[in-house]
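>>> Sequence first, predicted coordinates after that:
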Amino acid sequence: MNSILEIEGLTVKYKTRYGTVHALSNVSFSVKKGSIVGIIGESGSGKSTLGHTILRTLPENARIESGKIMFEGSDLLEIDEEVFRREFRWKKISMIFQNSMNAFSPVHRIQDQLLDVARKCFPNKSRNELLEIIKEKLRIANIDESVLKKYPHELSGGQRQRVAIGMALLADPEIVIADEPTTGLDVVTQYQILNRLKEIQKDLGITLLLITHDVSVVAALSTDVLVLYAGKVLEYGDIKRVFKNSHHPYTYLLLRSYPEMGKEKLYEIPGSPPDLRNPPSGCVFHPRCPYATDLCRKEEPKLVEIEEGHFSACHYATSFNKEVNSL
Ligand SMILES: Nc1ncnc2c1ncn2[C@@H]1O[C@H](COP(=O)(O)OP(=O)(O)OP(=O)(O)O)[C@@H](O)[C@H]1O
């Protein structure tokens, strides 16, 4: 497998006044070059923390306790901050931030904000050269360059999101992390933006990490899916395999609880995700899992490969799968 990113044993915690939040625990997976990995999970499962750890934009109170993020032969976490800022962030790996209204400064025109990022990427280029690059990327993102003279609040949510896409593409990165790129937009705009994102990914050959809680977004776009729950990877692999042949009860129930045309009854996963200051023993999903046994309460399941490129962290991955497929 030609992987572009290998994440190994990543553990990230936040220190807070009320205790330590175990945001990511021993997260491991590898990303194929040119793939679209949908990173899916309920609110608080650690999706954004994962994106920010890769881009090294975690807040002050975050601690990376262990792990590696291998990219082009180097561990991204070991690279000197100055080198990372100069050569990696925006240039090789960029991010389309969640809620673009917050991502842009309200008091500066779009042009100034894009120039600011462009200057970091290409310190030796003139202002005119940078503006040419910016306009080209806005064209790719399918938005008219007239937005450059405007302030963020003068744009619609969809327009702002397209500008954010253009901004992420400024330096032709190899990996783009899109954090909930269409949340809060109407369905038609969502569809247009996701379609454009998919075309861009294909045309430019980038690798896309698509963070979302929306199963339908992942289903429409991704080649692979990573299911996160309470900071842990519960299932990972090719989208068709994971969605059609889930080997983890959480994935199976998550898909059953998602509204779809023609679905008569929606399943509701009982309970709510655990408090990450005090995660449960054994399998993190056991308190909500209708199939849990004593083993699940006591022993944490390892993430194991059950078929080529398809991983599950369930003690009963194989038998559970047989059981649900015979229903
Ligand atoms: N700066 C912070 N300080 C303390 N705890 C934090 C901080 N940021 C996130 N957390 C906690 O870390 C856990 C993971 O949060 P994260 O934002 O990564 O999840 P998420 O899956 O992206 O959620 P959402 O879909 O709501 O954005 C949550 O319990 C969250 O409350």
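Now that the structure is in, tell me what you want to look at. Keep in mind that what you see is a predicted model, and the values were worked out from it rather than measured.

>>> Spell out which residues of the stretch 201-327 of the chain are next to the ligand.
Selection of the stretch 201-327 of the chain residues close to the ligand by Cβ under 6 Å from any ligand atom yields 213, 276. Heads up, the C-betas are built off the backbone N, CA and C, glycines and all.

>>> repeat that with 5 Å
Near the ligand, the residues belonging to the stretch 201-327 of the chain are residue 276 when assessed by Cβ under 5 Å from any ligand atom.

>>> Please enumerate the strands of the stretch 201-327 of the chain.
For the stretch 201-327 of the chain, strands defined by DSSP state E, counting those that start in this stretch occupy the ranges 207-212, 224-229, 232-238, 304-307, 310-312.

>>> With mean pLDDT and mean neighbour count as extra columns, can I get these in a markdown table?
Putting those into a markdown table (pLDDT from 0 to 100; neighbours: other Cβ atoms under 10 Å) gives the following:
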| stretch | mean pLDDT | mean neighbour count |
| --- | --- | --- |
| strand 207-212 | 96 | 25 |
| strand 224-229 | 98 | 25 |
| strand 232-238 | 97 | 25 |
| strand 304-307 | 94 | 14 |
| strand 310-312 | 96 | 24 |
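
>>> mind putting those strands in TSV, distance to residue 281 included?
Below are these laid out as TSV (distance: least, Cβ to Cβ, whole Å):
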stretch	distance to residue 281
strand 207-212	28
strand 224-229	15
strand 232-238	13
strand 304-307	20
strand 310-312	20
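
>>> which ones are touching the residue nearest to the spatial centre of the chain?
Closest to where the C-alpha atoms of the chain average out (Cα atoms, centre = their mean) is residue 211, at 2.8 Å. Contacts for residue 211 (Cβ atoms under 8 Å, 6 or more residues apart in numbering) come out as 39, 47, 48, 50, 51, 98, 177, 178, 179, 180.

>>> Show me those residues that map onto helices.
Helix and strand membership here follows DSSP state H; of the contacts of residue 211, those in helices are 47, 48, 50, 51.

>>> Tell me the most packed of those, by neighbour count.
Across the ones in helices among the contacts of residue 211, neighbour numbers were computed from other Cβ atoms under 10 Å; residue 50 holds the maximum, 28 neighbours.

>>> Do you know the pLDDT at that residue?
According to the prediction, residue 50 has pLDDT 97.

>>> right, and it touches residue 228 too?
Yes. Counting by Cβ atoms under 8 Å, residue 50 touches residue 228, with 7.2 Å between them.

>>> Would you mind listing the residues touching both of the two?
By the contact definition Cβ under 8 Å, 6+ apart, residue 50 and residue 228 are jointly contacted by 27, 39.

>>> circling back to that earlier point, look up how far residue 115 lies from the residue nearest to the centre of the chain.
Per Cβ to Cβ, to the nearest Å, residue 211 is found 27 Å from residue 115.
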